[in-house]
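Colleague: from the sequence below, what's the structure:
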Amino acid sequence: MLRDYCCCFYGAGSSGPTDVADRDPVVLISGIAGSILNSKPKKLGFETRVWVRILLADLEFKKKLWSIYNPDTGYTEALDGNSEIVVPQDDYGLYAIDILDPSALVKCLHLTDVYHFHDMIDMLVGCGYKKGTTLFGYGYDFRQSNRIGQLMDGLKEKLEAAYKASGGRKVNIISHSMGGLLVTCFISLHSEIFSRYVNKWIAIATPFQGAPGCINDSILTGLQFVEGFESFFFVSRWSMHQLLVECPSVYEMLPNPDFNWKKQPEIQVWRKHSNDGESSVELETYGRNECVSLFEEALKNNELNIGGKTVALPFNVAILKWAATTRELINKTQLPKGVSFYNIYGTSFDTPFDVCYGSESTPIDNLSEICHTLPEYSYVDGDGTVPSESAMGDNFEAAERVGVSASHRGLLTNEKVFQLIQKWLQVSPNTKHSNYTSKVMHAYSN
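Modeller: This is a model prediction of the structure:
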């Protein structure tokens, strides 16, 4: 799904090879839009940060990050054929998920919307974790499918690195948002490897069953990651829309049609109809299956212009089919024996569920108009992005499942979340870790 204004940490950045780990290593895994992405020339040249950046954000985003899906490979590829998108690996993978725009301007303006895992990294270092020995980050190209080979191989390598660096101690994973879906896909595809390297998995704000309101609207109108004054310096909603319609990861977060929702998610459109010179207004409702025809009709004329070339970007049925296979994979995933699972989900925030376009007084004439219309939502309880119902629906046997009153991004800076993590990892600030492992006897109470 993007928050100390200083870059210092409690401890040193790395450890020597002779250091002995005094706790199990932690790997932090980000979600959608939660990793720095750089554009790298295929020949010679310097890498340029294209996500996240404040200065020249929209311009660089359009030039380097606009992409198109390749159905032959399953990958989304940059339209700029002279460059490729890479994730920086500095600081043992932590740099890419710490402050998403680490420029001096961001720190001076206190733009905490782009402070991502920063506070959690500080907290863990304060609890005695050492970067490169017991603390690692895994950022990835979040445009891609959560089950694509590149991402699966990258996670396998990260788990192996953490395991070896800590002297053969099993890894504890902390994932945020879509990162939990990536972990789920990894378990399904590489259960034996997961079981070999992982001890505990803490999932935070994971859309296990999708994020109906946010994702349905993202496919139709885009997404504004930063609100208020800062949005004037950021990537526009329209520019983001042109990327999201070609991202398998987004389609993979559509509402799960096989999940027993308390109420099935819907899209509604106030339509204007003309017949024999007379017009009428009708509220049309699209369920999970009918939404596909709405997406196709609304996006059939969607296109962008890049380098003087027009590129058609309709609703991508090939991506939808790929995402359906991913959903089947997620639905049947089983947690390996011996791995403890913990789930933190957000509550107490109005979270989009159903989406409505137009109104009775200003109806939609042509469905393509939806792409330039701001939505109205009906809300359910959640973190403002993921409904609690979806985040709780992990289908795993959880050691604990805890609701915390915080927003989707706010969960990464929340003191109660930090307390839960410390309890489950059996660590605390400025104290030595105990090797004694106790069984969790009761849920953390609000």
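Colleague: alpha carbons only for contacts and neighbour counts from here, please
Modeller: OK.
Colleague: report the buried residues of the top helix by length along the chain.
Modeller: Looking across the chain with DSSP state H, the single longest helix is helix 149-165. Applying a neighbour-count criterion of 16 or more other CA atoms under 10 Å, the buried positions in helix 149-165 are 151-152, 155, 158-165.
Colleague: likewise stretch 208-221?
Modeller: For stretch 208-221, the neighbour count (16+ other CA under 10 Å) marks 208-221 as buried.
Colleague: touching the longest helix of the chain from outside, list them.
Modeller: 17, 25-27, 132-136, 138, 140-141, 146, 169-171, 186, 193, 197-198 (CA atoms under 8 Å, 6 or more residues apart in numbering).
Colleague: then stretch 359-375?
Modeller: Stretch 359-375 is contacted from outside by 217, 220-221, 269-273, 281-283, 294, 297-301, 355-358, using CA under 8 Å, 6+ apart.
Colleague: helix or strand right after the helix or strand where residue 345 lies?
Modeller: Applying DSSP states H and E as the criterion places residue 345 in strand 340-347. Next helix or strand after strand 340-347 toward the C-terminus (DSSP H and E): strand 349-357.
Colleague: can you list the helices and strands that that following strand packs against?
Modeller: Judged by 3 or more CA pairs under 8 Å, 6 or more residues apart in numbering; DSSP states H and E, strand 349-357 is in contact with helix 212-221, strand 267-275, strand 376-382.
Colleague: pLDDT (mean, whole number) over that strand?
Modeller: Averaged across strand 349-357, pLDDT comes to 98.
Colleague: and for the residue nearest to residue 71 when sequence neighbours are not counted, the neighbour number?
Modeller: Leaving aside its sequence neighbours, residue 71 sits nearest to residue 318 (CA to CA, 6 or more residues apart in numbering; 6.5 Å). Close neighbours of residue 318, defined as other CA atoms under 10 Å, add up to 16.
Colleague: looks to me like residue 318 is in a helix.
Modeller: Yes - secondary structure assignment (DSSP: H, G, I helix; E, B strand; the rest coil) places residue 318 inside a helix.
Colleague: my read: it touches residue 73, true?
Modeller: No - using CA atoms under 8 Å, residue 318 makes no contact with residue 73, being 11.4 Å away.
Colleague: so where is the protein shaky, pLDDT-wise?
Modeller: Scanning the chain for pLDDT under 70 picks out the ranges 1-21, 225-233, 431-446.
Colleague: the host helix or strand of residue 125: how far from the chain's middle?
Modeller: Mapping residue 125 onto the secondary structure by DSSP H and E places it in helix 118-126. With CA atoms, centre = their mean, to the nearest Å as the basis, helix 118-126 stands 20 Å off its chain's centre.
Colleague: go on, stretch 406-415?
Modeller: Centroid separation for stretch 406-415 versus its chain: 14 Å, with CA atoms, centre = their mean.
Colleague: what does that stretch contact?
Modeller: Residues from elsewhere that reach stretch 406-415 (CA under 8 Å, 6+ apart): 1-3, 116-117, 119-120, 176-177, 204-205, 346-349, 382-386, 404, 417.
Colleague: with stretch 243-255 instead?
Modeller: Contacts for stretch 243-255 (CA under 8 Å, 6+ apart): 32, 65-69, 76, 142-146, 207, 209-212, 215-216, 218-219, 222, 265, 288, 313-316, 319-320, 322-324, 326-327.
Colleague: who's the residue nearest to residue 388 when sequence neighbours are not counted bridged to?
Modeller: In space, and not counting its chain neighbours, residue 388 is closest to residue 382: 4.4 Å by CA to CA, 6+ apart. For residue 382, the beta-bridge partners are residue 349, residue 387 (DSSP bridges).
Colleague: cool, residue 202 as well?
Modeller: residue 174, residue 342.
Colleague: for residue 148, what are its contacts?
Modeller: Residue 148 makes contact with 74-75, according to CA under 8 Å, 6+ apart.
Colleague: hmm, back to that, so who does the residue nearest to residue 388 touch?
Modeller: 345-351, 388-389, 407.
Colleague: now the residues you listed: which count as buried?
Modeller: Neighbour counting by 16+ other CA under 10 Å classes 345-351, 388-389, 407 among the contacts of residue 382 as buried.
Colleague: from these, which single one is nearest residue 112?
Modeller: For the buried ones among the contacts of residue 382, the closest approach to residue 112 (CA to CA) belongs to residue 407, at 14.0 Å.
Colleague: next, that closest one: secondary structure please.
Modeller: Under three-state DSSP, the three-state class of residue 407 is coil.
Colleague: what's the spacing between it and residue 277?
Modeller: Between residue 407 and residue 277 the distance is 49 Å, computed by CA to CA, to the nearest Å.
Colleague: before we move on, the earlier item: how about the buried residues of helix 149-165 in CSV, adding distance to residue 44?
Modeller: CSV is the format used below for the buried residues of helix 149-165 (distance: CA to CA, whole Å):
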residue, distance to residue 44
151, 25
152, 28
155, 28
158, 28
159, 31
160, 31
161, 29
162, 32
163, 35
164, 34
165, 33
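Colleague: now, which of these sits nearest residue 237?
Modeller: Out of those, the member with the shortest distance to residue 237 (by CA to CA) is residue 151, at 26.5 Å.
Colleague: ok, how many other residues are close to residue 337?
Modeller: 8.
Colleague: can you start the count at 50 instead of 1 from here on
Modeller: All right, first residue 50 from here; so that's residue 386.
Colleague: for it, which non-adjacent residue is closest in space?
Modeller: Leaving aside its sequence neighbours, residue 386 sits nearest to residue 244 (CA to CA, 6+ apart; 7.5 Å).
Colleague: then the helix or strand hosting the one you found to PDB, C-alphas only?
Modeller: Assigned by DSSP H and E, residue 244 belongs to helix 240-246. Extracted as PDB, the C-alpha positions of helix 240-246 are listed here (Å, rounded to 0.1, in the frame of the first residue of the first chain):
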ATOM      1  CA  SER A 240       6.900 -24.800   0.900                       C
ATOM      2  CA  GLU A 241      10.000 -26.900   1.700                       C
ATOM      3  CA  ILE A 242      12.400 -24.000   1.400                       C
ATOM      4  CA  PHE A 243      10.100 -21.800   3.600                       C
ATOM      5  CA  SER A 244       9.900 -24.500   6.200                       C
ATOM      6  CA  ARG A 245      13.700 -24.900   6.100                       C
ATOM      7  CA  TYR A 246      14.500 -21.200   6.700                       C
END
